[in-house]
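S.K.: Starting from these lines, generate the structure:
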Amino acid sequence: MQLNDDVETNIPNLFLIGAPKSGTTAISNALSQHPSIFVGEKEPRYFDAHVFYDFEEDYPIKDIESYLKVYSGADRSHDYILDASVFNMYSEKSIKDILHFSPNAKFIVVLRDPLQAAKSMHLQRLKYVDLKMREISEDFCTCWQTLQARKEGNGYPDGCRNKFLFRYDLLYSYDLYVDFILDFLGRDRVLFLNYDDLKVNYKYIYSKIFEFLDVGYVDVVNKSLNKSEIVKSSFVNRFLTGGADLSRPFRNLIGLKGKNVQYLKNLIQVDKASVKCESCDSEVKKYFGGSYEVMENLGHLYDWPSKGSI
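M.R.: All right, here's what the predicted structure looks like:
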């Protein structure tokens, strides 16, 4: 593909990938504070759309020109342009396509204790009122027990168009993905990080990132950007969410705009949520034995403070 000179300055050359609910949003936000790193839309989902979406008609970006417009604000003062579409981790095709497009790209991969991450992802699914994006049960173990049915195409929310988001077994089986990432990239072009280390000593982790990128250290602000809460499943919440999500022209027609929309969103009922011990914890942890082994090996390879220990 032939690109003009202006476009060539906007080609992403840094990719933040990894497991959902592993702090990638906070890392992306922190990296945006560095003057040498340009961050556009966090997850344009161009290279990994086939992982995230079940149907091509749902892909948000259809062509490379539209993808590059996401980074039109970058200029030659930026050493790195970041694409933080995390689902690139799950596809050899995604990695190959990225390397064909941006041959010198570097990658940062963030992993998290798979048991904790799976339960956190379950809570994330409960933030949705839209039933096709919401888990079928507020009980994690109930959802875990449906995975066999989901392998056969059953057990998903009605109308679900993003089935991979509900496959906790695939999302956190790191042993399925780490080998091909290292094979394609080599150790020098990929930095693996542990979410738990980020929580304990984020300044040290960012110093590792900046060293990996060969840019000067910047004292960034690290903050959690995804609230730990779930949305109650109720008719009232579905009604309020539906009103807030109406198309702009229709909202304007009925006088629902500005502060009124925010007022509706503020009425949506939420509960505080946190990852808790569950009756199926030992079963889930045993299932992810390969992931824990991978994390332990990476901990030694990349000198994690935690060494990947659980």
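S.K.: Below-threshold pLDDT in the protein: ranges please.
M.R.: Per-residue confidence of the chain (counting by pLDDT under 70) places the weak regions at 1-8, 224-275, 307-310.
S.K.: make it 90
M.R.: Low-confidence regions of the chain, defined by pLDDT under 90, span residues 1-9, 41-42, 129-130, 222-278, 306-310.
S.K.: Strictly from the record, what residue spans define the domains of it?
M.R.: The chain breaks down into these domains under automatic domain parsing: 5-113+169-226+279-301, 235-268.
S.K.: ranking those domains by burial, who's on top?
M.R.: Relative to the other members of those, domain 5-113+169-226+279-301 carries the highest mean neighbour count by mean count of other Cβ atoms under 10 Å, namely a mean of 18. In short, each C-beta sits where N, CA and C put it, glycine included.
S.K.: For residue 17, identify the helix or strand it belongs to.
M.R.: Assigned by DSSP states H and E, residue 17 falls within strand 14-18.
S.K.: what packs against that strand?
M.R.: Secondary-structure packing of strand 14-18 (3 or more Cβ pairs under 8 Å, 6 or more residues apart in numbering; DSSP states H and E): helix 24-31, strand 80-83, strand 106-111.
S.K.: who does the shortest one pair up with?
M.R.: Here strand 80-83 is paired, per DSSP bridges, with strand 14-18 (parallel), strand 37-39 (parallel).
S.K.: what's the closest of the ones you listed to residue 146?
M.R.: Shortest distance between residue 146 and the strands paired with strand 80-83, using Cβ to Cβ, is found for strand 14-18: 24.7 Å.
S.K.: Can you tell me what sits against that closest one?
M.R.: The list of residues contacting strand 14-18 from outside it, by Cβ atoms under 8 Å, 6 or more residues apart in numbering, reads 24, 27-28, 31, 37, 80-89, 98, 105-111, 193, 213.
S.K.: now that strand and helix 24-31, what's the angle there?
M.R.: Here strand 14-18 runs at an angle of 150 degrees relative to helix 24-31 (axes from the mean of the first three to the mean of the last three Cα atoms, to 10 degrees).
S.K.: how far is strand 14-18 from where the chain is centred?
M.R.: 9 Å (Cα atoms, centre = their mean, to the nearest Å).
S.K.: could you check the angle strand 106-111 makes with it?
M.R.: Calculated by the same axes, to 10 degrees, strand 14-18 forms an angle of 20 degrees with strand 106-111.
S.K.: following the host helix or strand of residue 284, which helix or strand shows up next?
M.R.: Secondary structure assigned from DSSP H and E places residue 284 in helix 281-287. The C-terminal neighbour of helix 281-287 among helices and strands, as given by DSSP H and E, is helix 289-301.
S.K.: Now do the SS call for residue 206.
M.R.: Secondary structure assignment for residue 206 (DSSP: H, G, I helix; E, B strand; the rest coil): helix.
S.K.: What distance do you get for the closest residue to it other than its chain neighbours to residue 301?
M.R.: Using Cβ to Cβ, 6 or more residues apart in numbering and skipping the chain neighbours, the partner closest in space to residue 206 is residue 220 (5.8 Å). Here residue 220 is placed at a distance of 25 Å from residue 301 (Cβ to Cβ, to the nearest Å).
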